[in-house]
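> Predicted model and sequence follow; I will ask about them next.
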Amino acid sequence: MLIGVPKEIKNHEYRIGLTPAGVKELVENGHQVMIQHDGGTAIGLTNEQYLEAGAEIVDSAEEIFARAEMIIKVKEPQPVECAMLREGQLLFTYLHLAPDPEQTKLLLESGVSAIAYETITDAQGGLPLLAPMSEVAGRLSIQEGAHSLEKAQGGSGVLLGGVPGVAPGKVCVIGGGVVGINAARIAMGMGADVTILDRSLGRLKQLDDLYGPQLKTLFSTKDAIEEQLKTCDLVIGAVLIPGAAAPKLVTRDMLSLMKPGSVLVDVAIDQGGCFETSQPTTHQEPTYVIDGVVHYCVANMPGAVARTSTFALTNATLPFAVSLANQGLEALMKNEHLRNGLNVHKGQVTCKAVAEALNYDFVTAEEVLNIQ
Ligand SMILES: NC(=O)C1=CN([C@@H]2O[C@H](COP(=O)(O)OP(=O)(O)OC[C@H]3O[C@@H](n4cnc5c(N)ncnc54)[C@H](O)[C@@H]3O)[C@@H](O)[C@H]2O)C=CC1
Ligand SMILES: CC(=O)C(=O)O
Ligand SMILES: [Mg+2]
């Protein structure tokens with residue numbers, strides 16, 4: 001198969017869809033890979049390294065989109081990229097369609113078969129291609145939150161770890177999945193006072209078993225969240241209902257419960273955000289203030305640490321990319337977990353949560369792929 005990897009064009013997005021090692025593996029499987037010129041240069045992955053791995057270096061995104069049978073990316077295609085997709089082509093990337101009617105419409109119009117990293121599943125009920133970026137974003141959320149608490153950033157001036165004789169800052173993490181546990185781990189490492197909330201008692205038990213009394217666990221209700229808002233310095237939004245728009249767990253009214261200069265980091269912003277006042281921001285201008293509360297809502301957080309993130313992402317995507325390259329759509333027919341990634345196929349929505357969020361007819365992947 002001829003595979004194309006364009007340079008990412010989202011604001012301050014320096015990740016790339018394949019590392020040179022990933023290219024080498026695909027080439028060894030008998031495939032051809034095109035990498036856009038300087039696609040990885042910003043993170044030290046040079047054109048020479050890609051050439052050595054067996055890639056063809058191609059000057060323009062236009063040529064890559066025109067020639068490739070499968071496009072491998074990181075972020076959801078931007079409108080100019082959607083315009084270059086076509087029927088019969090595979091798109092393998094993050095999509096986050098539920099909160100994004102415009103992109104959904106463009107993908108449907110293109111006829112492309114779009115497989116979203118974030119809805120591919122595994123046998124344990126996890127999301128193996130979302131997990132590596134959730135690990136990055138979870139860890140980064142505390143780094144960004146700590147920075148946003150600084151006075152010069154509009155924060156209250158609290159040091160999360162405190163110092164001898166001064167209490168540490170309080171961190172509340174809403175959602176105890178992959179983002180949540182990674183955020184909690186870093187916050188505890190910095191010496192903060194950390195509470196984590198989830199609606200899954202099983203998950204809270206796991207977290208309690210792992211961290212003991214150093215981590216406080218709470219069942220997530222409106223009341224529990226309101227109580228936390230009154231005392232917390234930093235709140236991390238880390239909930240997910242797979243494929244669906246995030247539930248709004250903190251309303252604008254509830255901001256008045258918070259101390260001035262407190263910080264909300266809404267990691268769930270890529271699914272629309274779990275705070276009512278969240279609006280997607282960029283690495284260039286990551287924060288804004290509403291009712292005295294600093295909001296950090298960057299939808300591509302791992303792009304800030306693009307080198308680490310690119311290696312972590314390719315580690316997880318590569319086995320699926322190889323399988324798609326070897327078998328095309330057959331790979332989806334054979335593997336139900338990969339099939340769960342199919343969101344859009346030849347003008348139809350094949351992810352139930354996306355169809356429900358955006359009012360489209362839902363057709364199962366089995367139906368569109370003619371699986372009996
Ligand atoms: N902004 C960014 O750059 C990035 C954003 N993300 C996003 O972060 C979010 C979380 O991802 P993961 O941790 O991987 O998901 P996950 O599925 O591992 O964890 C989500 C957790 O939320 C819990 N939950 C659901 N409803 C809840 C509620 N009402 N209250 C408390 N907990 C609730 C679930 O029980 C689950 O434990 C997703 O929207 C994901 O797309 C992930 C990576 C990067
Ligand atoms: C998961 C996601 O949206 C990201 O890594 O940018
Ligand atoms: Mg989007």
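Arrived safely, thanks for sending. Ligands and ions are numbered 1, 2, ... in the order given.
> hang on, residue 158 packs against residue 149?
Yes - at 5.1 Å, residue 158 counts as touching residue 149 under the criterion of Cβ atoms under 8 Å. For the C-beta atoms, the positions are set from N, CA and C on the backbone; glycine is no exception.
> Residue 323 and residue 15: what is the separation?
To residue 15, residue 323 is 22 Å away according to Cβ to Cβ, to the nearest Å.
> Among those two, which residue is more densely surrounded?
Neighbours were counted for residue 323 and for residue 15 using other Cβ atoms under 10 Å; residue 15 has more, 28 against 17.
> Was I right to think the more buried one contacts residue 308?
No - the criterion here is Cβ under 8 Å, and residue 15 misses it with residue 308 at 9.7 Å.
> what do the two both touch?
Taking Cβ atoms under 8 Å, 6 or more residues apart in numbering as the criterion, residue 15 and residue 308 both touch residue 302.
> Show me what the top helix by length along the chain is packed against.
Scanning the chain for the helix with the most residues, using DSSP state H, yields helix 306-327. Contacts defined by 3 or more Cβ pairs under 8 Å, 6 or more residues apart in numbering; DSSP states H and E place helix 306-327 against helix 20-28, strand 70-72, strand 90-93, helix 131-148, helix 330-334, helix 336-339.
> so how far is the first one from its chain's centroid?
Its chain's average C-alpha position is 24 Å from that of helix 20-28, according to Cα atoms, centre = their mean, to the nearest Å.
> quick one: average confidence on it?
Averaging pLDDT along helix 20-28 gives 98.
> Tell me which helix or strand comes right after that helix.
Counting by DSSP states H and E, the next helix or strand C-terminal to helix 20-28 is strand 32-36.
> Pull the distance from the helix or strand that comes right after that next one to the chain's centre.
Past strand 32-36, further along toward the C-terminus, the next helix or strand under DSSP H and E is helix 47-52. Mean C-alpha position of helix 47-52 versus that of the full chain (Cα atoms, centre = their mean) differs by 28 Å.
> What are the buried residues along helix 47-52?
By 16 or more other Cβ atoms under 10 Å, the buried positions in helix 47-52 come out as 47, 49-50.
> same check, this time on stretch 147-156
Using 16+ other Cβ under 10 Å as the test for burial, stretch 147-156 gives 148-150, 153-156.
> can you check stretch 77-91 too?
Across stretch 77-91, burial judged by 16+ other Cβ under 10 Å covers 77, 81-82, 84-85, 89-91.
> what's the burial count for the residue of the chain found nearest ligand 2?
Distances between the chain and ligand 2 by Cβ to the nearest ligand atom are smallest at residue 133, namely 3.4 Å. Neighbourhood size, residue 133 [other Cβ under 10 Å]: 25.
> Repeat that for residue 247.
Other residues lying near residue 247 total 14 when counted by other Cβ under 10 Å.
> Residue 21 too?
Residue 21: 14 surrounding residues under other Cβ under 10 Å.
> isn't it right next to residue 314, touching?
Yes - counting by Cβ under 8 Å, residue 21 touches residue 314, with 7.1 Å between them.
> what's around residue 114, how many residues?
Applying other Cβ under 10 Å, we find 28 residues neighbouring residue 114.
> any idea what residue 343 is structurally, helix, strand or coil?
strand (DSSP: H, G, I helix; E, B strand; the rest coil).
> which neighbours do residue 158 and residue 149 share?
Residues within reach of residue 158 and of residue 149 at once, by Cβ under 8 Å, 6+ apart, are 169, 233, 261.
> Touching, residue 260 and residue 156? I think so.
Yes - here residue 260 lies in contact with residue 156, judged by Cβ under 8 Å, at a distance of 6.5 Å.
> First-to-last residue distance for stretch 195-202?
16 Å (Cα to Cα, to the nearest Å).
> ditto for stretch 289-306
Distance between the two ends of stretch 289-306: 27 Å, counting by Cα to Cα.
> Would you mark the buried spots in that stretch?
Using 16+ other Cβ under 10 Å as the test for burial, stretch 289-306 gives 293-306.
> cool, stretch 246-261 as well?
The neighbour-count criterion (16+ other Cβ under 10 Å) identifies 246, 248-250, 254-255, 257-258, 261 as the buried residues of stretch 246-261.
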